[in-house]
Every structure is written in structure tokens, then in C-alpha cells.
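S.K.: this one's sequence-less:
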């Protein structure tokens, strides 16, 4: 890419970001008409978060287990070809990047996986489909992978394994309209106006957890030893301490990157030395920085 093309691209991105803040700036102004800089930073982070989420929504996958044979491909529900019979239990997941399934989980505030199961057979050609009634129809439990009208999808039932992949044109459109700040599918995240935000607290907490998270190991060993005995401290305490250390470091990095959001603490206790009486059992919460309107 030439320098001129790069400059044009950066300029377009800057204009789109500015446009995305136009509506929210008025809501975040104080009575004196002064814009809250923290809110502008948060809006920028939310804009990036929403575009990544839209991009991930383009693909949906699934896997199932059980006897079956056949395959199907479809370019929307109006151009289908295939036939298969199966007795399966399976699940569809939001996209094909497992570490980022948590994004969908936090946004939806529900299980990211869609489960299904049952015995059925189906054949499809063009816009026509014939399908046997599933044995569990009375329960209204889904018995196959999702077939959204405009999806481009493929499914293969290979003896005992069932694989599913769909490309979702509507989500592609949502990604591109989202760039110019129009939420086509109404799934963007926005700030929760009822949530009190403390970005300075989150910033300080993140730094402390990154720098001193390693203290979880000896402190947890001492705590378990005092509560349960020497052997438990040398075994359970070591394993639990290492786990607490890893989780605290990861959360510290996440909170550092997103400190303008001003989340409530994700881990309880919020700091390694948060309490004189430390609990062996932790509590880990979902981030509380946004909700869907």
C-alpha cells in the first residue's frame, strides 16, 4: 500500500470515528458544556469493540455427535441442495474463534452455545424442503443446526460426526453499516447510564494486579496452610496460588487496556492484599461496563 493510500485510509477512519461520537458527545456534556474526555475515550473503545464483534458475527459454526450420513449446501433458503438422516446431539457456537466466544457471552448475558438434538431426516432442492417430524417435537427442543433465511451454509454428517458452518450476509452488512455508525441488527454495545464508572480506580487496580499478582502464590499457600494444614498448603495451596496468579495477571492486563470504562472489580478480592482475612474461594464477575439497550 502506498503512503498516499495509507493516508487516505487513515483519514477516512478518523472521520468515521468522529462521526460515531457526534451523537454521544451531547449526552456526555456537563451543564457547563464541557465534554468529558473519559467518555470520549470510552466511546472510541466501544466503537472498536462493536466492530470486532460485528466481524466475528459473520461466521457461525457447530459440531454434533451421533450416527448420521449425508450433506447439504445452501445459498440462502431459496437455493438448497442436499439430503441427510441423523440421530445427533450438537451445539452451534457464535463463530470460529474459540477464545473470543466470551465476547458473545458478555454481550448476550446468556449461554453463547445453542444446543439441539433429535432424530430426523431431510432432503432439500432449491426452495423446497421435506423433513420428517423429530421424535421430540412435543418438547419444542431444536433438532437441527440453525437455518436462517439468508445464510450461506454447509453441513456434513460423516458417520458419527456432524459439522456445520454458516456465513451470515446480514452480519456482513451490519459490519459495514457499523463503520458509519448505523447499527443494522441493533446489537451494538452502549454505555450503561446507570453504571457508576471509576476509571482512575480501575487503572490503579490494574497496575497493582499486574505488578504484584505473583504474591498470590505465597499468600495462598500461607492461607491454605493456616486453614487446612501443612500438607494441604504444600499441595492444594501451590496449585490454587498459581491459578490465582494467572487469573489476576490476565484480568490486570484486561483492566489496564480498558481502564476508561471504569469497571467494577472483576475479581473479588480486588487486590492481592485486599483483606486481612483472605478467602481461599475467589469470586470472578463478568465486566459491568455496558449493556444492550
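M.R.: Noted; the coordinates are in hand. Just so you know, these numbers come straight off a predicted model, no measurement behind them.
S.K.: ok, now how distant is the closest residue to residue 201 other than its chain neighbours from residue 286?
M.R.: Leaving aside its chain neighbours, residue 201 sits nearest to residue 262 (7.1 Å; criterion: Cβ to Cβ, 6 or more residues apart in numbering). No exception for glycine: its C-beta is placed from N, CA and C like everyone else's. Residue 262 is 15 Å from residue 286, where distance means Cβ to Cβ, to the nearest Å.
S.K.: circling back to that earlier point, what's the burial count for the residue nearest to residue 201?
M.R.: 21 (other Cβ atoms under 10 Å).
S.K.: swap in residue 94?
M.R.: 21.
S.K.: state the distance from it to residue 62.
M.R.: Taking Cβ to Cβ, one finds residue 94 at 10 Å from residue 62.
S.K.: residue 149 now?
M.R.: On the measure of Cβ to Cβ, residue 149 and residue 62 end up 18 Å apart.
S.K.: who has more neighbours, those two?
M.R.: The residue with more neighbours, out of residue 149 and residue 62, is residue 62; 22 against 8, by other Cβ under 10 Å.
S.K.: what pLDDT does the closest residue in space to residue 146 that isn't next to it in sequence get?
M.R.: Distances taken as Cβ to Cβ, 6+ apart place residue 92 nearest to residue 146, at 5.9 Å, with adjacent residues excluded. Note for residue 92: predicted pLDDT of 90.
S.K.: for residue 92, helix, strand, or coil?
M.R.: Following DSSP: H, G, I helix; E, B strand; the rest coil, the label given to residue 92 is strand.
S.K.: and the host helix or strand of residue 247, which residues are buried?
M.R.: In this structure, residue 247 sits in helix 230-257 according to DSSP states H and E. Using 16 or more other Cβ atoms under 10 Å as the test for burial, helix 230-257 gives 233, 236-237, 240-241, 244-245, 247-249, 251-252, 255.
S.K.: how far off centre is it?
M.R.: 23 Å (Cα atoms, centre = their mean, to the nearest Å).
S.K.: hmm, back to that, the residue nearest to residue 146: neighbouring residues, count only.
M.R.: Residue 92 has 20 nearby residues by other Cβ under 10 Å.
S.K.: which residues touch it?
M.R.: Residue 92 is in contact with 60-62, 113-114, 116, 145-146, 164, counting by Cβ atoms under 8 Å, 6 or more residues apart in numbering.
S.K.: where does the stretch 151-293 of the chain have low pLDDT?
M.R.: 192-195, 274-281, 288-293 (pLDDT under 70).
S.K.: which residues in it form helices?
M.R.: 169-179, 199-212, 216-228, 230-257 (DSSP state H, counting those that start in this stretch).
S.K.: and this protein, what are its domain boundaries?
M.R.: 3-56+174-190, 59-167, 199-291 (automatic domain parsing).
S.K.: hmm, residue 236 and residue 223 touching each other?
M.R.: No: between residue 223 and residue 236 there is no contact under Cβ atoms under 8 Å: 10.5 Å.
S.K.: coming back round to it: the residue nearest to residue 201 and residue 255, how far apart?
M.R.: The value you get for residue 262 to residue 255, if Cβ to Cβ is used, is 10 Å.
S.K.: same check, this time on residue 87
M.R.: Applying Cβ to Cβ to residue 87 and residue 255 gives a distance of 46 Å.
S.K.: ok, now residue 38?
M.R.: From residue 38 to residue 255 the distance is 15 Å (Cβ to Cβ).
S.K.: with residue 76 instead?
M.R.: From residue 76 to residue 255 the distance is 43 Å (Cβ to Cβ).
S.K.: ok, the residue lying closest to residue 153 once chain neighbours are set aside - how many residues close by?
M.R.: What sits nearest to residue 153 in space, not counting adjacent residues and going by Cβ to Cβ, 6+ apart, is residue 166, at 3.9 Å. By the criterion of other Cβ under 10 Å, residue 166 has 21 neighbours.
S.K.: please name the residues that touch residue 166.
M.R.: 59-61, 145-146, 148, 151-154.
S.K.: identify those among the residues you listed that sit within strands.
M.R.: Among the contacts of residue 166, the members found in strands (DSSP state E) are 59-61, 152-154.
S.K.: can you name the two of those residues that are farthest apart?
M.R.: 61 and 152 (13.2 Å; Cβ to Cβ).
S.K.: and those two? Which one has more around it.
M.R.: residue 61 (17 against 14).
S.K.: so what pairs up with the more buried one in the strands?
M.R.: Bridge pairing for residue 61 (DSSP bridges) gives the partners residue 93, residue 165.
S.K.: can you name the residues that contact it?
M.R.: Residue 61 is in contact with 92-93, 95-96, 164-166, counting by Cβ under 8 Å, 6+ apart.
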